[in-house]
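**Student:** Sequence first, then the predicted structure:
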Amino acid sequence: MKRYKIALIKGDGIGPEIIDEAVKVLDALASYSDFDFSYEELLMGGVAYDMTGDPLPQETISGSLKSDAVLFGAIGGQKWDNLPREKRPESGLLRFRKELGVYANLRPAVVYNELINASSLKPEIIKGVDIMVVRELIGGIYFGEPKGRTKDKGWNTMLYTRKEVERIAHQAFKIAQKRDKRVCSIDKANVLDVSQLWRDVVTEISSEYPDVELSHMYVDNAAMQLILNPRQFDVMLTGNIFGDILSDEASMLCGSIGLLPSASVGEKIGVYEPIHGSAPDIAGQGIANPIATIASASMMLRHSLGEEEAANIIDAAITRALSEGYRTQDLAQFDAKEVCSTSEMGSIIANYIKR
Ligand code: IPM
Ligand code: MG
């Protein structure tokens, strides 16, 4: 029997609650499959800082690198917001992404028909939306040097090398080949030199993918087009900060940020996490939506473990729970037949794993 080693990083806030539900679903899946999972819990974020003085202990990096994939909850919270920057949970997360080399962050925004009324946008605008944001994750203004801060001045550098743009562009084109074969590359080439390099390199790489249609869009226009006519997008290829912003915007097409998973992949180990944060305000109440994390576990099966069929089974179980009218608090107003807790939702989805 194959046994996959999964590193679990529960983190802060609602992180532990939602990871527990994803594990429940993975274990249900294992009981019907020719593989199973072993789990190792690792510390990151505020909880790691409280216990060790470091938001990203060295064992978390080495433990993750020894696993087949990392399933990640969420980190951060007000309690740690006033620490020096390098001690803050977010700095731990950025260092973690860098150490694991996960340069490609895949953030799907798919509108579930069952939740067509849950978005703040009109159903006719969002029906059928299926976007994949491919965000560069370990470069750009998040990491560029010089950066710094004095009492009266603060600065960061948006820097990309040709090599960094090439590898993320390849990812985007390859993903598009398995979808609707369209890449829209987002930049600010009318103002930024770094964006002009981005645009030129993406255009060069596109010649290796003649079956994929490439377009370019300025980021401000893209923010507008996402609301005006989101169906025009298939793959959106972005740098780090533009992708951070646009993926939050895209998530709102789908009704609740509690639904959306992500995958971060590169040359080593993949990291799978919900795109929502640690939501400290609702932590411990059993009302968080575990679907984004369960869907992230599905992406893990697909992208890191090569278990496409198992991933499809999880996706179908999520859709079934929604179409039967089960809703967590965040979606209680939208065609709910029954409002359920975090752990009830996990159990319902786990039960649907049985065929
Ligand atoms: C995200 C988050 C992170 C980011 C923060 C928590 C560092 O917003 O994953 O989108 O900006 O990348
Ligand atoms: Mg973000």
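**Tutor:** Perfect, thanks for sending it. Ligands and ions are numbered 1, 2, ... in the order given.
**Student:** What is the burial count for S347?
**Tutor:** When counting by other CB atoms under 10 Å, one arrives at 17 neighbours for S347. No exception for glycine: its C-beta is placed from N, CA and C like everyone else's.
**Student:** contacting residues around it?
**Tutor:** Shown in contact with S347 (CB atoms under 8 Å, 6 or more residues apart in numbering): K24.
**Student:** Show me what counts as buried in the host helix or strand of it.
**Tutor:** Element membership of S347, judged by DSSP states H and E, is helix 342-353. Within helix 342-353, the residues scored as buried using 16 or more other CB atoms under 10 Å are T342, E344, M345, G346, S347, I348, I349, A350, Y352, I353.
**Student:** Check stretch 241-251 too.
**Tutor:** Within stretch 241-251, the residues that count as buried by 16+ other CB under 10 Å are I241, F242, G243, D244, L246, S247, A250, S251.
**Student:** Is ligand 1 within reach of it?
**Tutor:** Yes - in terms of CB under 6 Å from any ligand atom, part of stretch 241-251 sits within range of ligand 1, namely D244.
**Student:** Number of residues surrounding the residue nearest to N240 when sequence neighbours are not counted?
**Tutor:** Excluding the flanking residues, the one nearest N240 by CB to CB, 6 or more residues apart in numbering is G140, at 3.5 Å. For G140, the neighbour count with other CB under 10 Å is 24.
**Student:** which residues touch G140?
**Tutor:** By CB under 8 Å, 6+ apart, the neighbours of G140 are M158, L159, Y160, V194, G239, N240, I241.
**Student:** Give me the pLDDT for the third one.
**Tutor:** What the model reports as pLDDT for Y160 is 98.
**Student:** Was I right to think it contacts Q196?
**Tutor:** No - checked against CB atoms under 8 Å, the pair Y160 and Q196 is beyond contact range at 10.5 Å.
**Student:** helices or strands next to the longest strand anywhere in the chain in the packing?
**Tutor:** Determined from DSSP state E, the single longest strand within the chain is strand 2-11. With contacts taken as 3 or more CB pairs under 8 Å, 6 or more residues apart in numbering; DSSP states H and E, strand 2-11 sits against helix 15-30, strand 35-41, helix 46-52, helix 58-65, strand 69-74.
**Student:** May I see the ones you listed organised as CSV, with distance to R167, mean pLDDT and mean neighbour count added?
**Tutor:** Listed next are the helices and strands packed on strand 2-11 as CSV, based on distance: least, CB to CB, whole Å; pLDDT from 0 to 100; neighbours: other CB atoms under 10 Å:
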stretch, distance to R167, mean pLDDT, mean neighbour count
helix 15-30, 29, 98, 23
strand 35-41, 29, 97, 15
helix 46-52, 30, 97, 19
helix 58-65, 20, 98, 16
strand 69-74, 20, 98, 27
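**Student:** Switch those over to TSV; also include distance to A332.
**Tutor:** Converted to TSV, the helices and strands packed on strand 2-11 look like this (distance: least, CB to CB, whole Å):
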stretch	distance to A332
helix 15-30	17
strand 35-41	31
helix 46-52	29
helix 58-65	36
strand 69-74	21
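**Student:** which one of these lies closest to ligand 1?
**Tutor:** When these are compared by CB to the nearest ligand atom, strand 69-74 sits nearest ligand 1, at 8.5 Å.
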